[in-house]
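A.B. asks: Let me see the structure of the following:
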Amino acid sequence: MIDAASFASQLVSAERAGLDNQYQYQQTLAQNKITAYQSLDSKVSAFDSILTTLADSNNLNATTTSLSQDGFFTASTSDGATAASYTVEVSKLAQAHRVGLDFASETWVAPTSGNLNIDLGGTSMDLDLSTLPAGATLVELRDAINSAADNPGVQASIIRTGSNVKLVLNSEQTGAANTISMTLSGGSGTEYTELDTAITGSSQLTAAQDAEFKFSGIDIVSSTNKIEDVVDNLTLELTQTNAGNPVTLTVNRDDASISDNLQSMVNAYNDIIDEIKGTTLSDDDSYVALSGDATARTLSTQLRNAFFDLPSGTYLSDLGLEFDRYGKLSLNTSDLSDALDADPNLLDTMLLASDGLVTQLAAKIEPYSKSSGIFDDKVSTLNDEIERINDKTEQLNLRMENTYQRYLLQFTRMNELESQMQQTSSLFSFSG
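C.D. replies: Next up is the predicted model:
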């Protein structure tokens, strides 16, 4: 007798093996293509991001600063500053006004009546002293000033001198216009008189003062030591006076930053080309995920063509760029620097104009990099194909299950018939 279940299973396995192999091959092929498209999509997205950065002209006109002598001010540029040389001579630094009020002790008790007005450059606050807590000391008065909703920008602090204490009021902003003044009104009593005396006898600790300096021989006055509007995209931070000892400030083109930005484009382009070659070509004619795929080849051709469709009268070598025999791009930073020396506007002309390289590359890449773009559509189609293969596999499983049950029934009946025949045969056998 045969093992009906085992024999039925072997026949089903043999019958479905061809389709199983076919479906598995189709599913693996589709999944490999999805992986390849997604990987290529990530390279394209990175390239698109770099093109967006380059499209900001400031990133292609980076500058740096140098000083003939350090210690008097710092200088920084935002991209787009003009390369030039200046002299800076600082005669005064901007200062914040500071005044001090003398008290015998910080446990001095504040008055419970009256109104304290503090004015800063024409903007004032009014502190109703009756709102202070009972027995409020100098500490509570300080805190009430600092937390007042209408505080115009005055910071109060307590300084202990050893013999007495000072309530110090400090303007949060520098400049001659930001002076502090105080008046007291509407109260009475010993504490009120003591506070009024402290205000009347207040001392100026630091005068409110504007910064004054010469910038390339031109007199400049500023309420702050941070100077941002004398020259576009140039910021100075004054730290010390140097009257009679002018410092030379030089704004230079930042070749390293410009080269880094262009090199990032070169690297991202080469990453795309490597990805396309790795997924469409094989050195030994073995299978690769996108063999014969027109989409990847079209992208490669479009991008390469953009590098040769430049504004009239310009050439790729003007940027220090060139292709090798493998289709890879490289940047010669020395040639780029020489070209920018000859034409400081070269990058704007060749890269950012309406027919410039960055503009064209961005247009070529957009159908691929955008949301629901070409690669997304490809992946969606392949996922649908995998779903169809899974459906076919499910249908095959149901069909093969029915086939298995049919074989199992047939072989079971055969076993039953064989058993019956053996029993019948034994009736006609005689012992010797």
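A.B. asks: contacting residues for I220?
C.D. replies: Applying C-beta atoms under 8 Å, 6 or more residues apart in numbering to I220 gives the contacts A211, E212, F213, K214, I227, V230. C-betas here are computed from N, CA, C, even on glycine.
A.B. asks: and stretch 27-38, C-alpha only, in CSV?
C.D. replies: Output of stretch 27-38 as CSV, limited to C-alpha atoms (Å, rounded to 0.1, in the frame of the first residue of the first chain):
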residue,chain,number,x,y,z
GLN,A,27,8.2,39.0,-7.4
THR,A,28,12.0,39.2,-6.8
LEU,A,29,12.5,41.0,-10.1
ALA,A,30,9.8,43.6,-9.2
GLN,A,31,11.2,44.0,-5.6
ASN,A,32,14.7,44.5,-6.9
LYS,A,33,13.5,47.2,-9.3
ILE,A,34,11.6,48.9,-6.4
THR,A,35,14.8,49.0,-4.4
ALA,A,36,16.8,50.3,-7.3
TYR,A,37,14.2,53.1,-8.0
GLN,A,38,14.0,54.1,-4.4
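A.B. asks: Give me the mean pLDDT for it.
C.D. replies: Computed over stretch 27-38, the mean pLDDT rounds to 90.
A.B. asks: can you check stretch 197-215 too?
C.D. replies: Mean predicted lDDT for stretch 197-215 stands at 97.
A.B. asks: Buried residues in that stretch, which are they?
C.D. replies: When burial is assessed from 16 or more other C-beta atoms under 10 Å, stretch 197-215 yields the following buried residues: A198, I199, S202, A208, Q209, D210, A211, E212, F213, F215.
A.B. asks: Looking at the residues you listed, spot the one nearest A256.
C.D. replies: Using C-beta to C-beta, F215 comes nearest to A256 of those, at 27.1 Å.
A.B. asks: Helices along the protein, start to end?
C.D. replies: In the chain, the helices defined using DSSP state H lie at 4-55, 138-147, 190-200, 255-280, 294-306, 333-342, 346-347, 357-369, 374-427.
A.B. asks: Would you tell me which of those helices gets closest to I118?
C.D. replies: helix 138-147 (6.9 Å).
A.B. asks: What residues sit buried inside the closest one?
C.D. replies: Using 16+ other C-beta under 10 Å as the test for burial, helix 138-147 gives L138, L141, R142, A144, I145.
A.B. asks: For D343, see how far away the second one is.
C.D. replies: According to C-beta to C-beta, to the nearest Å, L141 stands 66 Å off from D343.
A.B. asks: Run through the residues that contact the residue nearest to T65 when sequence neighbours are not counted.
C.D. replies: Excluding the flanking residues, the one nearest T65 by C-beta to C-beta, 6 or more residues apart in numbering is A75, at 4.3 Å. When contacts are counted by C-beta under 8 Å, 6+ apart, A75 touches T65, L67, L234, T235, L236, E237, L249, V251.
A.B. asks: So which of the residues you listed wins on neighbours?
C.D. replies: Highest neighbour count within the contacts of A75, by other C-beta atoms under 10 Å: L236, with 26 neighbours.
A.B. asks: what residues are up against that one?
C.D. replies: By C-beta under 8 Å, 6+ apart, the contact list for L236 reads F73, T74, A75, V88, K226, I227, E228, V230, L249.
A.B. asks: Next, format those residues as a markdown table and append pLDDT and distance to Q95.
C.D. replies: A markdown table is the format used below for the contacts of L236 (pLDDT from 0 to 100; distance: C-beta to C-beta, whole Å):
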| residue | pLDDT | distance to Q95 |
| --- | --- | --- |
| F73 | 96 | 16 |
| T74 | 96 | 18 |
| A75 | 95 | 21 |
| V88 | 97 | 19 |
| K226 | 97 | 14 |
| I227 | 96 | 15 |
| E228 | 94 | 19 |
| V230 | 93 | 20 |
| L249 | 97 | 23 |
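A.B. asks: what about the closest residue to D56 other than its chain neighbours, how many neighbours?
C.D. replies: Counting by C-beta to C-beta, 6+ apart, D56 lies nearest to D79, which is 7.9 Å off, once chain neighbours are set aside. By other C-beta under 10 Å, 17 other residues sit near D79.
A.B. asks: Does D79 touch L54 like I think?
C.D. replies: No: using C-beta atoms under 8 Å as the test, D79 is too far from L54 to be in contact (11.6 Å).
A.B. asks: Spit out the residues that contact the two alike.
C.D. replies: Common neighbours of D79 and L54, using C-beta under 8 Å, 6+ apart, are L60.
A.B. asks: In contact with D355: list those residues for me.
C.D. replies: If you count contacts by C-beta under 8 Å, 6+ apart, D355 has them with D309, L310, P311.
A.B. asks: Just among these, which is most surrounded?
C.D. replies: L310 (20 neighbours).
A.B. asks: Turn the contacts of A75 into a markdown table, including distance to L303.
C.D. replies: Output for those, formatted as a markdown table (distance: C-beta to C-beta, whole Å):
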| residue | distance to L303 |
| --- | --- |
| T65 | 37 |
| L67 | 43 |
| L234 | 37 |
| T235 | 39 |
| L236 | 43 |
| E237 | 44 |
| L249 | 42 |
| V251 | 35 |
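A.B. asks: just the residues you listed now: which is nearest T393?
C.D. replies: T235 (66.4 Å).
A.B. asks: any idea how far that closest one is from T77?
C.D. replies: For T235, the distance to T77 - C-beta to C-beta - is 7 Å.
A.B. asks: where does the stretch 201-350 of the chain have low pLDDT?
C.D. replies: Low-confidence segments of the stretch 201-350 of the chain, defined by pLDDT under 70: 282-286.
A.B. asks: same thing but at 50, please
C.D. replies: Within the stretch 201-350 of the chain, not a single segment meets pLDDT under 50.
A.B. asks: gap between the closest residue to A104 other than its chain neighbours and T107?
C.D. replies: In this structure, A104 finds its nearest non-sequential neighbour in N164, 5.6 Å apart by C-beta to C-beta, 6+ apart. Using C-beta to C-beta, one gets 12 Å for the distance from N164 to T107.
A.B. asks: Repeat that for T393.
C.D. replies: In terms of C-beta to C-beta, T393 sits 88 Å off from T107.
A.B. asks: swap in N245?
C.D. replies: 50 Å.
A.B. asks: circling back: name the member of the buried residues of helix 138-147 with the shortest distance to L299.
C.D. replies: I145 (66.5 Å).
A.B. asks: surely that closest one meets L129?
C.D. replies: No: assessed by C-beta under 8 Å, I145 is found out of contact with L129, at 11.1 Å.
A.B. asks: quick one: which of the contacts of L236 is nearest G100?
C.D. replies: K226 (26.4 Å).
A.B. asks: Tell me, how many residues neighbour the closest one?
C.D. replies: A count of nearby residues for K226, using other C-beta under 10 Å, gives 14.
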